[in-house]
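# Predicted model and sequence below, questions to follow.
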Amino acid sequence: MSIPPSGPEITYAECRQCGTLIAGLDGRYSCGVCGWVNHHSEGHRELPRAEDDADHPAGGAEGNRLSADDNRLRGEGDS
């Protein structure tokens with residue numbers, strides 16, 4: 001019995017739309033020729049959560065520059 005790899009595995013498949021041989025990570029594919037992508041749930045393992053990322057801010061949306069930009073676009077925040 002082999003030990004599964006701990007990191008992402010490069011996998012290969014044929015594009016379901018145009019037939020081009022494409023590579024992906026853990027069974028998640030995107031074709032650069034025709035733009036087809038498979039649904040993320042078709043991957044070989046679960047995607048990591050944001051909280052599992054070492055760079056994820058611990059305090060939630062505060063300090064998240066994208067959330068701050070969203071608030072400015074809605075007219076909230078800095079005036």
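On my side now, so go ahead.
# make it CA atoms for all contacts and neighbour counts henceforth
Fine.
# and G43, how far is that from D26?
As judged by Cα to Cα, to the nearest Å, G43 and D26 stand 6 Å apart.
# ok, those two, which is more surrounded?
D26 (19 against 15; other Cα atoms under 10 Å).
# contacting residues for that one?
P8, E9, I10, T11, G43, H44, R45 (Cα atoms under 8 Å, 6 or more residues apart in numbering).
# Same question for Q17.
Neighbour list for Q17: C34, W36 [criterion: Cα under 8 Å, 6+ apart].
# Next: G24.
Residues in contact with G24, defined by Cα under 8 Å, 6+ apart, are I10, T11, Y12, S30.
# and those, which of them are in helices?
The helices, defined by DSSP state H, take in nothing from these.
# Spell out which two among these are the most distant pair, please.
For the contacts of G24, the maximum inter-member distance is 12.7 Å, found between I10 and S30 (Cα to Cα).
# and the two? which has more neighbours close in?
S30 (16 against 11).
# Give the closest residue to the more buried one in space, chain neighbours not counted.
Closest residue to S30 apart from its sequence neighbours, by Cα to Cα, 6 or more residues apart in numbering: V37 at 4.3 Å.
# Now do the contacts for that neighbour.
R28, Y29, S30, C31.
# From E51, how far out is it?
25 Å.
# joint contacts of I10 and S30?
Joint contacts of I10 and S30 (Cα under 8 Å, 6+ apart) are A23, G24.
# Do you have the strands of this protein handy? List them.
10-14, 21-25 (DSSP state E).
# TSV for those strands, including mean pLDDT and distance to P57?
Formatted as TSV, the strands of the chain follow (pLDDT from 0 to 100; distance: least, Cα to Cα, whole Å):
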stretch	mean pLDDT	distance to P57
strand 10-14	96	29
strand 21-25	96	25
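# of the ones you listed, which approaches H56 most closely?
Among the strands of the chain, if distance is taken as Cα to Cα, the winner is strand 21-25, at 21.5 Å.
# List the buried residues of the closest one.
A23, G24 (16 or more other Cα atoms under 10 Å).
# ok, G27 - contacts?
G27 makes contacts with I10, T11, Y12, E42, G43, H44, as judged by Cα under 8 Å, 6+ apart.
# Could you double-check that the fourth one sits in contact with L25?
Read it as E42. No - using Cα atoms under 8 Å, E42 makes no contact with L25, being 11.2 Å away.
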